[in-house]
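In: just coords:
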Ligand code: FEO
């Protein structure tokens with residue numbers, strides 16, 4: 001059973017971002033699988049780096065879209081992104097310094113943050129853009 005189960009409740013209605021989120025969930029599930037299987041350090045390093053790179057790519061795309069549509073909660077949303085990037089970058093720094101232990105606590109933090117952020121904050125962007133598209 002995957003660490004994070006993707007279902008339609010995660011869909012924001014913005015196809016590009018739903019695809020990004022699905023990819024992020026996949027990376028998190030991969031990290032969990034590696035953790036459970038006590039995978040070698042190289043695997044954990046690879047997944048942490050990929051998680052950071054893809055997260056930054058996705059957040060930038062989302063922020064560009066919010067900017068483009070004058071999304072009213074852009075500043076607050078970006079703050080959420082920044083705090084997440086800071087936390088995940090801390091993982092990378094620790095890994096680079098030789099602490100190559102990925103804990104269940106960290107994985108659970110990532111899971112809860114991602115689910116909450118997609119279901120609450122990202123869903124709000126979807127609703128905003130949907131209303132804007134219908135001109136209501
Ligand atoms: Fe999909 Fe706001 O991150």
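Out: Sure thing, it's come through. If you're wondering where the values come from, they're calculated on a predicted model, not measured in any experiment. Numbering: from 1, shown residues only.
In: let me see the mean pLDDT of stretch 81-100.
Out: Stretch 81-100 shows a mean pLDDT of 88.
In: list the buried residues for it?
Out: 81, 84, 88, 91, 95 (16 or more other CB atoms under 10 Å). From N, CA and C alone the C-beta is placed, and that goes for glycine too.
In: so where's this structure uncertain?
Out: Applying pLDDT under 70 to the chain picks out residues 136.
In: residue contacts, the residue of the chain found nearest the ligand?
Out: For the chain and the ligand, the shortest gap (CB to the nearest ligand atom) falls at residue 122, measuring 4.3 Å. With contact taken as CB atoms under 8 Å, 6 or more residues apart in numbering, residue 122 is in contact with 12, 17, 21, 62.
In: do residue 77 as well
Out: Residues near residue 77 by CB under 8 Å, 6+ apart: 62, 63, 66, 71, 121, 125.
In: try it again at 10 Å.
Out: Contact analysis of residue 77 by CB atoms under 10 Å, 6 or more residues apart in numbering lists 59, 62, 63, 66, 71, 117, 121, 122, 124, 125.
In: could you dump the residues you listed to a markdown table with secondary structure?
Out: Shown next, in a markdown table, are these (DSSP: H, G, I helix; E, B strand; the rest coil):
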| residue | secondary structure |
| --- | --- |
| 59 | helix |
| 62 | helix |
| 63 | helix |
| 66 | helix |
| 71 | coil |
| 117 | helix |
| 121 | helix |
| 122 | helix |
| 124 | helix |
| 125 | helix |
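In: among these, which ones are buried?
Out: 59, 62, 66, 71, 117, 121, 122, 124, 125.
In: so which of the contacts of residue 122 reach the ligand?
Out: Residues of these in contact with the ligand (CB under 6 Å from any ligand atom): 17, 21, 62.
In: list the buried ones in stretch 104-117?
Out: Buried-residue list, stretch 104-117, by 16+ other CB under 10 Å: 106, 107, 110, 111, 114, 115, 117.
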